[in-house]
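Asker: I would like the atomic coordinates for the input below:
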Amino acid sequence: MFFVDKPFVSDFFKETVRDHAIPVVDTEISRSISLYPGTKIITEAEAISAVQGSGEQLIYTTSENALAWIIKNLAFSDLVEKIELFKNKVAFRELTKPLVPDFFFQEVCFEDLMNLPHPGKDLPLIIKPATGFMSEGVYKVKNVGEWDQTKHRILADGERSKGLYPPEVVNASALIIEEFIQGDEYAVDAYFDTAGKAVILNILKHTFSSTDDVGDRVYTSSKEIIEDNLQEFTEFSNKIGQLADVRNFPAHIELRRNPDGTLIPIEINPVRFGGWCTTADLTYLAYGFNPYVYFYKQLKPDWPDILRNKAGKLYSIIILDNSTGIDPVLINGFDYKKLLSNFENPLELRKFDYLEYPVFGFLFTETSVENELELKKILVSDLQEFITATDVP
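Answerer: This is a model prediction of the structure:
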């Protein structure tokens, strides 16, 4: 059974659940999302009964917002325990300690942060909510001199972002401080099958504009990225799966390979692939198979065949977060036509209400390797070139 929830459900996802008769749970939110006629709907009571009856249901959510329903109504199930294990970044660090025993991390309550001295580690640090989503509330502290300044920023930003996401999705009442992980970062869509083995459905490289960047602007997949990492990431995911003892479980795995080649997990987002129907939809646009169906039917990609004619192509998700530095209420519009003119082959554009969420939209692109500069340009852009705004008085 699948759960749908805000902030966004794509047309592709709606077509998938309808065309493959995948049951969608009839929640109050799902009724407001305009699923297509013909979609197989089951009641909340039927969903609860199904999990009580077998405990082996294949469950997927379009959004972490749906976790609130699952945690409330399926508290008796093993699934809730696994969700909480992955959502709580401190618990996740404890779980994966056997893989990276020397990794530094520390939990702190939000109200204690201002009085907390620098941990004394001679390395860059990351501070983020113990329960978080995307890059909400993520801060990098390069040295001791930035410690107090960063704490004040966290306090101010925490007040501004209250209520943007449910507490099951982002909850900054507890924070985790951990060492900054050097090296290339990747996002992996996968599921753990009935035997607990990881099946990888896509690998994307998360590109940053600088060493100080902690944002989510560009994620790119390609034949080379998948071939270079598939075996190693599968083996690493299997180790995590064994530690967590998960089965029939979709996940969005974030990790880094540090300069000496060691893989270090960042986090695992449970019961979904990339949020906002992004990474799974890109997989279909790029490689022609449907990750939602592959999970539901427990299918495995034939990667050598899928990648046969994909050399020299880059498939990217571009998150148009509001990095303009301008208050959204002062922005009069975003020039999507101008944006599209900057790209060789836009695959799909999704526009969003930037007054409701801090993004103008998402762009999916296909880029030839020789035109990679278009990705580098949008990576460093503050997007002011695409907006019109009221002058600040």
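Asker: What strand or helix carries the nearest residue in space to residue 20 that is not next to it in sequence?
Answerer: Among residues not flanking residue 20 along the chain, residue 293 sits closest, at 5.6 Å (CB to CB, 6 or more residues apart in numbering). Using the backbone N, CA and C atoms, a C-beta is placed for each residue, glycine as well. Assessed by DSSP states H and E, residue 293 sits inside helix 291-296.
Asker: what's the average pLDDT for that helix?
Answerer: What helix 291-296 shows for mean pLDDT is 98.
Asker: try stretch 33-48
Answerer: The average pLDDT within stretch 33-48 is 97.
Asker: now swap in stretch 126-145 and tell me
Answerer: In this model, stretch 126-145 has a mean pLDDT of 75.
Asker: tell me how far it is from the chain's mean position?
Answerer: 16 Å (CA atoms, centre = their mean, to the nearest Å).
Asker: what about it, how long is it end to end?
Answerer: Its start and end residues considered, stretch 126-145 measures 14 Å (CA to CA, to the nearest Å).
Asker: Verify the stated contact: residue 366 with residue 348.
Answerer: No. Proximity of residue 366 to residue 348 does not meet the contact threshold set by CB atoms under 8 Å, at 10.4 Å.
Asker: CA atoms only for whatever helix or strand residue 377 lives in, dumped as CSV, please.
Answerer: Using DSSP H and E, residue 377 maps to helix 373-380. Written as CSV, here are the backbone C-alpha positions of helix 373-380 (Å, rounded to 0.1, in the frame of the first residue of the first chain):
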residue,chain,number,x,y,z
LEU,A,373,28.9,24.0,-17.8
GLU,A,374,25.1,24.6,-17.8
LEU,A,375,24.9,22.6,-14.6
LYS,A,376,27.8,24.5,-13.1
LYS,A,377,26.2,27.8,-13.8
ILE,A,378,22.9,27.1,-12.2
LEU,A,379,24.8,25.6,-9.2
VAL,A,380,26.4,28.9,-8.3
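Asker: What helices and strands are in contact with the very next helix or strand once past that helix?
Answerer: Using DSSP H and E, the helix or strand that follows helix 373-380 in sequence is strand 387-389. Applying 3 or more CB pairs under 8 Å, 6 or more residues apart in numbering; DSSP states H and E, one finds that strand 387-389 contacts strand 331-334.
Asker: Now find how far off-centre the strand it packs on is within its chain.
Answerer: 27 Å.
Asker: Okay, the residue nearest the centre of the chain and residue 323: tell me how far apart.
Answerer: Among the residues of the chain, the one closest to the centroid is residue 274, at 4.3 Å (CA atoms, centre = their mean). Remark: distance between residue 274 and residue 323 (CB to CB, to the nearest Å) = 20 Å.
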